[in-house]
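**Student:** coords please:
(one chain, ligands or ions: 1)
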Amino acid sequence: MRKKIVAGNWKMNNTITQTNTLIDGLKTELKETTLEDTRVIIAPSFVNLQQAVVATEESVIEVSAQNMHQSKNGAYTGEVSAEMLSSIGIETVILGHSERRTYFNETDQSLAEKVATAIEEGFEVIFCFGEQLEDREGENHFNVVKKQLTEALFGLAPEAYGKIILAYEPVWAIGTGKTASADQAQEMHAFIRKTLSEKYTDSVANNVSILYGGSVKPNNAKDIFSKPDVDGGLIGGASLKAVDFSEIVKAI
Ligand code: PGA
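**Tutor:** Numbering: from 1, shown residues only. You can find the predicted model right below:
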């Protein structure tokens, strides 16, 4: 059975002090909440990951990295490897976020390598993908999404999907305040599941969690999460405030 997941992508925000304060706030806000089948994940920047792991011990909150390099080690100045991350207790990584695709030239081909390395190293991957505004306006969004999945993920063996979380994030909805409607999210998530079932099996398609990301806020989370193929959210801006993020977690 697939899990419900609310993940907070902190992006390039929060110093060490702010990291501690935000985690304390989340722990307080979530203390009384029973989260049965819901996972709560936060993704601070690399420099604050180790502290975040320590600060979330004995809480429901899990910690993810926002990126990793595809090589195991070597002359890649400024990069971080899977082994470095697992050595500080990180087992989950976000890959393919649209900001990394746009500002750091990540492509589905390079992401295929990153995903393969992450899976090989025992990581769980939150794989982000989604269409640009012009793709949606040109009614090409289903083709774009299918191509992203095919190029970055369809080299994986079916068993790898036990470690894959998908995050559909239409680029036009990220940080814009313009969220996809709950029906648009449901329509795409159902398409993603159908695509997975055609490539793999119904079981792969039905067991993978598919998160929606793009301007999810406390006031729209419930509506979006109410859809049958939406298993949670990847939250940017609203994950930086303990109250807002906790409200979103409680909306699931
Ligand atoms: P947003 O970001 O919630 O600020 O739109 C989502 C994301 O980038 O994952």
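**Student:** wait, what's in contact with the residue in the stretch 1-150 of the chain positioned nearest to the ligand?
**Tutor:** Across the stretch 1-150 of the chain, no residue is closer to the ligand than residue 9, which sits at 4.3 Å (Cβ to the nearest ligand atom). Where C-beta positions appear, they are placed from N, C-alpha and C, glycine not excepted. With contact taken as Cβ atoms under 8 Å, 6 or more residues apart in numbering, residue 9 is in contact with 43, 66, 94, 97, 213, 234, 235, 236, 239.
**Student:** And those residues, which is closest to residue 151?
**Tutor:** residue 97 (16.2 Å; Cβ to Cβ).
**Student:** Might you specify the subset of the contacts of residue 9 located within helices?
**Tutor:** Of the contacts of residue 9, none are assigned to helices by DSSP state H.
**Student:** Could I get the residues you listed in a markdown table, plus columns for distance to residue 1, pLDDT and neighbour count?
**Tutor:** Formatted as a markdown table, the contacts of residue 9 follow (distance: Cβ to Cβ, whole Å; pLDDT from 0 to 100; neighbours: other Cβ atoms under 10 Å):
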| residue | distance to residue 1 | pLDDT | neighbour count |
| --- | --- | --- | --- |
| 43 | 24 | 98 | 27 |
| 66 | 27 | 98 | 21 |
| 94 | 23 | 98 | 22 |
| 97 | 27 | 98 | 27 |
| 213 | 22 | 96 | 26 |
| 234 | 20 | 98 | 27 |
| 235 | 23 | 98 | 28 |
| 236 | 27 | 97 | 22 |
| 239 | 25 | 98 | 26 |
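**Student:** and the residues you listed near the ligand, which?
**Tutor:** Subset of these in contact with the ligand: 213, 234, 235, 236, counting by Cβ under 6 Å from any ligand atom.
**Student:** of those, closest to the ligand?
**Tutor:** Comparing the ones next to the ligand among the contacts of residue 9 against the ligand with Cβ to the nearest ligand atom picks out residue 236 as the nearest, at 2.2 Å.
**Student:** what's the closest non-adjacent residue to that closest one?
**Tutor:** Excluding the flanking residues, the one nearest residue 236 by Cβ to Cβ, 6 or more residues apart in numbering is residue 9, at 5.3 Å.
**Student:** Follow the chain on from the helix or strand of the chain with the lowest mean pLDDT and name the next helix or strand.
**Tutor:** In the chain, no helix or strand scores lower on mean pLDDT, DSSP states H and E than helix 133-137, which sits at a mean of 92. Once the chain leaves helix 133-137, the next helix or strand it forms, by DSSP states H and E, is helix 141-153.
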